[in-house]
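**Q** Okay, here's the prediction I keep looking at, along with the sequence it came from:
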Amino acid sequence: MREEKLKVKSYNLKAFLLLTFNLLIFNSFCFAQNAVQTPFDKYGPYGATVYTDLKEALKETKPVYKLNLSYHPVDIKVWPKLSKLKDLLALQLQTVQVNQWPDDFSNISGLTFLASYNNEFTHFPKDFGKLGNLMYLEFNNSKIDSIPQEIAYLNRLKTLKFSGKNDTLRLPKTLKYLKSLNEVEFESVVLDSMPKPLFAIAPLKSLILINCNIYALPEKLDKLPNLEVLALDFNKLSTLPREIYKCKNLYLLSLRKNNLTKIPDTICQLKNLTKLDLRDNPLSKDAVEELRILLPGCQIYF
């Protein structure tokens, strides 16, 4: 009887170890999958086929939900037919040597993800406001110099990213009407010295403006009550508004490579602030010591 009990215990232990091992393998696989997931992967039906050739996608008789065209020039004769893919939800264009949108592009009204990298578009698609289902919009290294007023019609837009080659980018005042927008990231574009439209988007949780030629910030920061991340690296700020304390939910503030000599003492009212990056700023020793006293629980980088 004792030997049988020992055998049962041994069997249970082996089963437990095997189950634990399988769970570890499964969790590692899931982690690996998530680690390499791109924004494009997150949109469209789970497991949907990703087409990488426009000609092949146009031949398909079943709905095409995801199209990723990368590093191969698109046939200019086929490109205008893109809008025939009425069910398209996610479109990524990377270095495909197109610079004009099909005239009826906005007829793909179900599109939720649109990203263009290294394509020399000079403007947004015609009737851009019809793309009311867009949730993610990104342009990288295009020749676009302004965002149209009609972006206000994109009521579901959550993420807006734009990066360039230090060219001027004009912003519309209508950005403040985007009620779902919670992430904005602009990099290497020349904005107005005080880009007010970006500081009037109430739902924003993350605002990243890197190398945007910004000299000053608006004082009325109470319009960003939900902001959690503010990154203003590689700009030309010499002062920070005392009203920074109005961004009550801020937990990360990055001001690297600016011209700041002092940070307002009102920063101590940011009770959720856990990381403050001030590297490459001409801060005095007194200013550094004061910050350490004002923010005892914050990780500060000088």
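**A** That came in fine, so what should we check first? Numbers count the residues shown, from 1 in each chain.
**Q** Please enumerate the strands of the stretch 151-300 of the chain.
**A** Secondary structure of the stretch 151-300 of the chain (DSSP state E, counting those that start in this stretch): strands at 159-168, 183-190, 206-210, 229-231, 252-254, 275-277, 299-301.
**Q** I'd like to know which of these lies nearest to residue 92.
**A** Closest of the strands of the stretch 151-300 of the chain to residue 92 is strand 159-168, at 12.8 Å (criterion: CB to CB). Backbone N, C-alpha and C define where each C-beta goes, glycine included.
**Q** any idea how far the closest one is from the chain center?
**A** Distance, stretch centre to chain centre, for strand 159-168: 12 Å (CA atoms, centre = their mean, to the nearest Å).
**Q** Then stretch 192-203?
**A** Centroid separation for stretch 192-203 versus its chain: 16 Å, with CA atoms, centre = their mean.
**Q** same question, stretch 111-130
**A** So, by CA atoms, centre = their mean, the centroid of stretch 111-130 is 16 Å from its chain's centroid.
**Q** next one: stretch 245-253
**A** Stretch 245-253 sits 19 Å away from the centroid of its parent chain (CA atoms, centre = their mean).
**Q** Buried residues, that stretch. List them.
**A** Neighbour counts over stretch 245-253 (16 or more other CB atoms under 10 Å) mark 245, 246, 247, 250, 251, 252, 253 as buried.
**Q** Which of the residues you listed sits closest to residue 100?
**A** residue 252 (39.3 Å).
**Q** Look up which residues are beta-bridged to that closest one.
**A** With DSSP bridges as the criterion, the beta-bridge partners of residue 252 are residue 229, residue 275.
**Q** wait, residue 194 sits on residue 219?
**A** No: counting by CB atoms under 8 Å, residue 194 does not reach residue 219; the two are 9.5 Å apart.
**Q** got any ranges where this structure has weak pLDDT?
**A** Along the chain, the parts satisfying pLDDT under 70 run over 1-35.
**Q** got the residue ranges for the helices in it?
**A** Remark: helices assigned in the chain by DSSP state H are 2-35, 54-59, 285-294.
**Q** How many residues are close by residue 272?
**A** Neighbour count of residue 272, defined by other CB atoms under 10 Å: 12.
**Q** residues contacting the residue nearest to it when sequence neighbours are not counted?
**A** Computed as CB to CB, 6 or more residues apart in numbering, the closest residue to residue 272 that is not its neighbour in sequence is residue 251, at 4.7 Å. Listed by CB atoms under 8 Å, 6 or more residues apart in numbering, the contact set of residue 251 reads 228, 229, 272, 273, 274, 275.
**Q** For burial, what's the neighbour tally of residue 285?
**A** Close neighbours of residue 285, defined as other CB under 10 Å, add up to 7.
**Q** i'd like the first residue to be 853 from this point on
**A** I'll keep to 853 as the first residue from here, and by that count the last item is residue 1137.
**Q** For residue 1095, see how far away it is.
**A** With the distance defined as CB to CB, to the nearest Å, residue 1137 ends up 26 Å from residue 1095.
**Q** ok so, going back, same list, the contacts of residue 1103, but as a markdown table with distance to residue 1051 please.
**A** What follows is those, written out as a markdown table (distance: CB to CB, whole Å):
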| residue | distance to residue 1051 |
| --- | --- |
| 1080 | 15 |
| 1081 | 14 |
| 1124 | 19 |
| 1125 | 18 |
| 1126 | 22 |
| 1127 | 21 |
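**Q** Can you tell me which of those has the most neighbours?
**A** That'd be residue 1125 among those, by other CB under 10 Å, with 22 neighbours.
**Q** wait, what's in contact with the closest residue to that residue other than its chain neighbours?
**A** Leaving aside its sequence neighbours, residue 1125 sits nearest to residue 1150 (CB to CB, 6+ apart; 5.2 Å). Residue 1150 makes contacts with 1125, 1126, 1127, 1128, as judged by CB under 8 Å, 6+ apart.
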